[in-house]
Every structure is written in structure tokens, then in C-alpha cells.
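In: Okay, predicted coordinates and the sequence, questions at the end:
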Amino acid sequence: MQRTEKTVFRGTTDLATQSFGDPDRPVILMMMGATASMLWWPDELCELLAASGRHVIRYDNRDTGRSATGAPGEVSYTLDDLADDAIAILDGYGVERAHLVGMSLGAMIAQLVALKAPLRVASLTAISSSRFDEDDPNLPEMDPALLEHFATMDALDWNDRQAVVDFHVETFRISAGPKASFDAERARRLAEREYDRAIDPRSAMNHAMLAGGERYRGRLGEIRAPLLVLHGRHDPILSFAHGVRLAEAVPSSRIVELEEAGHELNIRDWERIVGEIIAHTAARG
């Protein structure tokens, strides 16, 4: 499988990217969620999509992986900037129009891209996500077990690789939901790669302070790109109701329930996820 690494610059901001497959094929831009680098899109999943006749591009959001990284606790960018970063990556690859596949925060960024630059978006796929402008207090809150786990972060020594890896593995375990067959060894390998590759592992937590997108709040009904929502029934971070609400807000949308999934890309669901994305993107070039 052809794989290429490339750094794209938006002004002075450098964005680390990697592509899979034939660049002459329709492009899928993979947009990962909060605190997570491109590694959270598994290599094998990207290769499956590329093998279907797509050019797959994944990248590190700011403050993750090898992309521009600021000091922990200091955020100099907004959700709008992250959307503009995605557009800059399309420019950097010479891509006029792409299919956007986002996970969690990545799908919220994709919503902004579809509103800011509608002619650049062939389709949207949102995995384990929500409306970027959603603040309905009636929606279910995050699993208390995750909130308790995140509270331990204050005492975490970010220079202790083992401690940080253990913290992330436990995050993965809870995020997988109660019905998942959790693969602890796979999760540990990912956490280790993530820690070793990051410019500053702690800076990824800056995403918790993100704001922006105010100009586009309440305008999801303007999105014309068809939307596929893939959402786990047992998502402990963004409940299934969040996915339903997102699908209801976008005119041309379809929601697919992942019956046993939580808030992760469980290998058990890859065949379903890849099949749905291939079908969704095939109908639109």
C-alpha cells in the first residue's frame, strides 16, 4: 500500500499529514477527535478504505502528534482555526473536493468545514459525535466513571511515560463502553506510540479549552453535503442521543447504530464502518 508523509503549512502553522493509496482516487480526509493524533485512525482501517479505491489522508490536529504544538494550558486557536487547517490540508494536496470523515471533535470540525466551504465537501461522515453547537442540558451527560478518571489527571506526572500510558489505557477501557470486548494490549500499543511521537503529550489536553464557531451556530440546516452518522449505542462520552440530534439537524442524513459500540473504533466494528463509508462515498464521486 502506497503511503506518503507530508507537512502542510498554513501560514506559520505546520500540520503533519499522511496519505494512503492512489492520489488520483476520490479523497477521504480523516479528522480525529479531541486530544488524539492521527494514530487513532488505525493503519489497517485506513488501508482498507484506500484499497476500496479512495485516497485516504489523515493528519494531526494542532497540539497533537507532530503538528504545531503550544505550551500546555495555552490555547491560541479556535474551532474555526481547526476547520481552516483542514481546508489548508486539502489545498496542500491540491484537492478541490473531498469526503470528510470525522471522529468525535473531528466530526464537529467537519461540520464547520461544510458550512465555511460547502463546495469543498462531497460528503460527511460523523462517528461518535454531536452537533458542534449543541448545549442542550437535557442530553445525557458523560459517564461518571470517566469524569472520576479524568479528575485524577491533576496528579498525573506527564514526564512518567508508564503513568501516562496507563492513564490513557484506562481512558480507552471506559470509553469502549460496557458491551465492548476491550483489547488492552492493542490500547497499550497505541498509547505508547502516541506518547513517543508527540512533541508534548500534555499539550493535547489544550483541546478541553477550545471555543469558537459562534458565527455558524444554529446553521446546520444549511449543510447540503449528505451526512452519514455512525454512533455506538453504548457511547459513554457522547450518548447515542447526540448522534440522533446531529442527524436530525442536517437535511440529507442517515444514522447507523453500532449496536455494541462505545466511543472508539473497535476492531469488531471495522467491517461495518468501512462498508458504510465506502457506500456513502461511492454514491458521490
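Out: In hand now; what should we look at? Residues are numbered from 1 along each chain as shown.
In: any idea where the strands of the chain begin and end?
Out: Along the chain, the segments classed as strands by DSSP state E run 3-10, 13-20, 27-31, 55-59, 98-103, 121-127, 227-232, 253-258.
In: For the most centrally placed residue in the chain, give me its contacts.
Out: With distances taken as C-alpha atoms, centre = their mean, the residue of the chain nearest its centroid is Met32 (2.2 Å). Residues counted as contacts of Met32 (C-beta atoms under 8 Å, 6 or more residues apart in numbering) are 38, 40-41, 58, 60-61, 64, 102-106. Just so you know, the C-beta spots here come from the backbone N, C-alpha and C atoms, and that holds for glycine as well.
In: Among the residues you listed, which ones are in helices?
Out: 105-106 (DSSP state H).
In: By neighbour count, which of the contacts of Met32 wins?
Out: Thr64 (30 neighbours; other C-beta atoms under 10 Å).
In: Please name the residues that touch the closest residue to it other than its chain neighbours.
Out: Nearest residue to Thr64, sequence neighbours excluded (C-beta to C-beta, 6 or more residues apart in numbering): Ser37, at 4.1 Å. Contacts for Ser37 (C-beta under 8 Å, 6+ apart) come out as 60-61, 64-67, 194, 197-198, 204.
In: Please identify the buried residues of stretch 218-228?
Out: 220, 223, 225-228 (16 or more other C-beta atoms under 10 Å).
In: Tell me the one of these nearest Thr7?
Out: Nearest to Thr7 out of the buried residues of stretch 218-228 is Ala225 (C-beta to C-beta; 27.6 Å).
In: Name all residues that make contact with the closest one.
Out: Applying C-beta under 8 Å, 6+ apart, we find Ala225 in contact with 100, 114, 118, 121-124, 252.
In: From those, list the buried ones, please.
Out: Looks like the contacts of Ala225 have 100, 114, 121-124 buried, using 16+ other C-beta under 10 Å.
In: Flag the shaky bits of the stretch 151-285 of the chain, pLDDT-wise.
Out: Counting by pLDDT under 70, the stretch 151-285 of the chain has low-confidence residues at 283-285.
In: Okay, buried residues for stretch 19-36 please.
Out: Buried residues in stretch 19-36 (16+ other C-beta under 10 Å): 19-21, 26-36.
In: The strands of the chain: which one's closest to Asp91?
Out: Proximity to Asp91, assessed across the strands of the chain by C-beta to C-beta, is greatest for strand 3-10 (7.8 Å).
In: That closest one: partners in the sheet, and parallel or antiparallel?
Out: Using DSSP bridges, the strands paired with strand 3-10 are strand 13-20 (antiparallel).
In: angle of the partner strand against strand 27-31?
Out: Calculated by axes from the mean of the first three to the mean of the last three C-alpha atoms, to 10 degrees, strand 13-20 forms an angle of 130 degrees with strand 27-31.
In: Specify the angle between strand 13-20 and strand 55-59 in degrees.
Out: Going by the same axes, to 10 degrees, strand 13-20 makes 140 degrees with strand 55-59.
In: Please state the offset of strand 13-20 from the chain centre?
Out: How far strand 13-20 lies from its chain's middle: 15 Å, per C-alpha atoms, centre = their mean, to the nearest Å.
In: again with stretch 125-133
Out: Relative to the centre of its chain, stretch 125-133 is centred 9 Å away, using C-alpha atoms, centre = their mean.
In: can I get the CA coordinates of that stretch in CSV?
Out: Extracted in CSV, the C-alpha atoms of stretch 125-133 (Å, rounded to 0.1, in the frame of the first residue of the first chain):
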residue,chain,number,x,y,z
THR,A,125,-19.4,11.0,7.9
ALA,A,126,-19.6,11.6,11.7
ILE,A,127,-18.5,8.8,14.0
SER,A,128,-19.3,9.1,17.8
SER,A,129,-20.0,12.8,17.5
SER,A,130,-22.6,15.5,18.2
ARG,A,131,-23.6,18.9,16.9
PHE,A,132,-20.7,21.3,17.3
ASP,A,133,-23.2,23.9,18.6
